[in-house]
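J.: Build the 3D model from these lines:
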Amino acid sequence: MDLLNKDGLTEREFLEQYRAGDYERPSVTTDMVIFTVTEEEADSYRKLPEKELRVLLIRRGGHPFLGKWALPGGFVRPNETTEQAAVRELSEETGVEDVYLEQLYTFSDIGRDPRTWVISCSYMALINSGNLEIKAGDDAADAAWFKVSFRPLREQKELIEDGYIKTLEYELRLSSEEEELTAVVAKTMTTKTTSTGTDYEIVSNDGLAFDHAKIIACAIERLRGKVNYTDIALHLMPKFFTLTELQQVYEVITDKELLKAAFRRKVADLVAETDHYTENAGHRPSRLYRRNWRIDDDL
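T.: Model (predicted):
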């Protein structure tokens, strides 16, 4: 027997008369924070190349924010999920598929897009820089990798009646060979007896479209947090690598120098030795490692 609602309708009857247009619906986009690690040429052949964390940006070829730099992304199509849209955008913008991808956050601030009500379901992707084919999409004038710097500026704490508020301001600096973009992003954490909350706000912005400075800040914090307790950094590595190269990647992500011995203890279970060695002229050969693939015992 079909259940009836308070108006005496079955589910089929309810759906037949349901009008979606009675409720205003937002547009949905996926914005991609695509990270890679590149090498800066060394001054001497005896020195190891310096690693740099970079993020992919596209220069907008149309309104709004014409000429401004933005994260790659686009509108979700009716026949795809947000993750499928993210995978499609990633392939279209970088020419690569089957890479690390995770949902970051949903950004729904009022007025974040001047065109209409737009909610962004953002994703973070990590790509090995070895084989990239960067290309601007149909609505973009250019695409480029920008070096990432994200450092604290100031901290403020305030006691409230049943807890405290802590605000951290960060300077986001993105630089390419031709241009430098800057923004200041504030992260406010409210801690009360019964609840906690975190909010991001753009304090100043020079050159980035929409609220993308906030999205990039969230992605950097997510990456820095997860690198301490997961193997996420290995998604930025080639198939074979030295432990020194891996340490450099950890250091550019966290923006901290790490002690060699402590780092090697930290990653001991994450990597496996190979029988291969580096063959760089001017350097003592170093053993190459690979990711240590493990299947959990409870699977």
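J.: show me where pLDDT drops low in the stretch 1-150 of the chain?
T.: Residues of the stretch 1-150 of the chain that meet the criterion pLDDT under 70 lie in 41-48, 131-141.
J.: Partner strands of the helix or strand containing Met32 and their direction?
T.: Assigned by DSSP states H and E, Met32 falls within strand 27-40. If you go by DSSP bridges, strand 27-40 pairs up with strand 50-60 (antiparallel), strand 73-75 (antiparallel), strand 118-128 (parallel).
J.: partner residues bridging the closest residue in space to Leu236 that isn't next to it in sequence?
T.: Sequence neighbours aside, Val37 is the residue nearest to Leu236 in space, at 4.8 Å (criterion: C-beta to C-beta, 6 or more residues apart in numbering). The C-beta positions use only the backbone N, C-alpha and C, and glycine is treated the same way. Note on Val37: beta-bridge partners by DSSP bridges are Leu53, Asn128.
J.: Please point out which parts of the strand holding Met32 sit buried.
T.: By 16 or more other C-beta atoms under 10 Å, the buried positions in strand 27-40 come out as 28-37.
J.: Then stretch 234-254?
T.: Buried residues in stretch 234-254 (16+ other C-beta under 10 Å): 234-237, 241-243, 245-250, 252-254.
J.: Convert the top helix by length along the chain to PDB, retaining C-alpha atoms only.
T.: Counting by DSSP state H, the longest helix found in the chain is helix 212-227. Listed next in PDB are the C-alpha coordinates belonging to helix 212-227 (Å, rounded to 0.1, in the frame of the first residue of the first chain):
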ATOM      1  CA  HIS A 212      40.000  32.000  -5.500                       C
ATOM      2  CA  ALA A 213      42.600  33.400  -3.000                       C
ATOM      3  CA  LYS A 214      40.500  31.800  -0.200                       C
ATOM      4  CA  ILE A 215      40.200  28.500  -2.100                       C
ATOM      5  CA  ILE A 216      44.000  28.300  -2.700                       C
ATOM      6  CA  ALA A 217      44.600  29.100   1.000                       C
ATOM      7  CA  CYS A 218      42.300  26.300   2.100                       C
ATOM      8  CA  ALA A 219      44.100  23.900  -0.300                       C
ATOM      9  CA  ILE A 220      47.600  24.800   1.000                       C
ATOM     10  CA  GLU A 221      46.500  24.200   4.600                       C
ATOM     11  CA  ARG A 222      44.900  20.900   3.700                       C
ATOM     12  CA  LEU A 223      48.100  19.800   1.900                       C
ATOM     13  CA  ARG A 224      50.300  20.900   4.800                       C
ATOM     14  CA  GLY A 225      48.100  19.100   7.300                       C
ATOM     15  CA  LYS A 226      47.900  15.800   5.500                       C
ATOM     16  CA  VAL A 227      51.600  15.600   4.600                       C
END
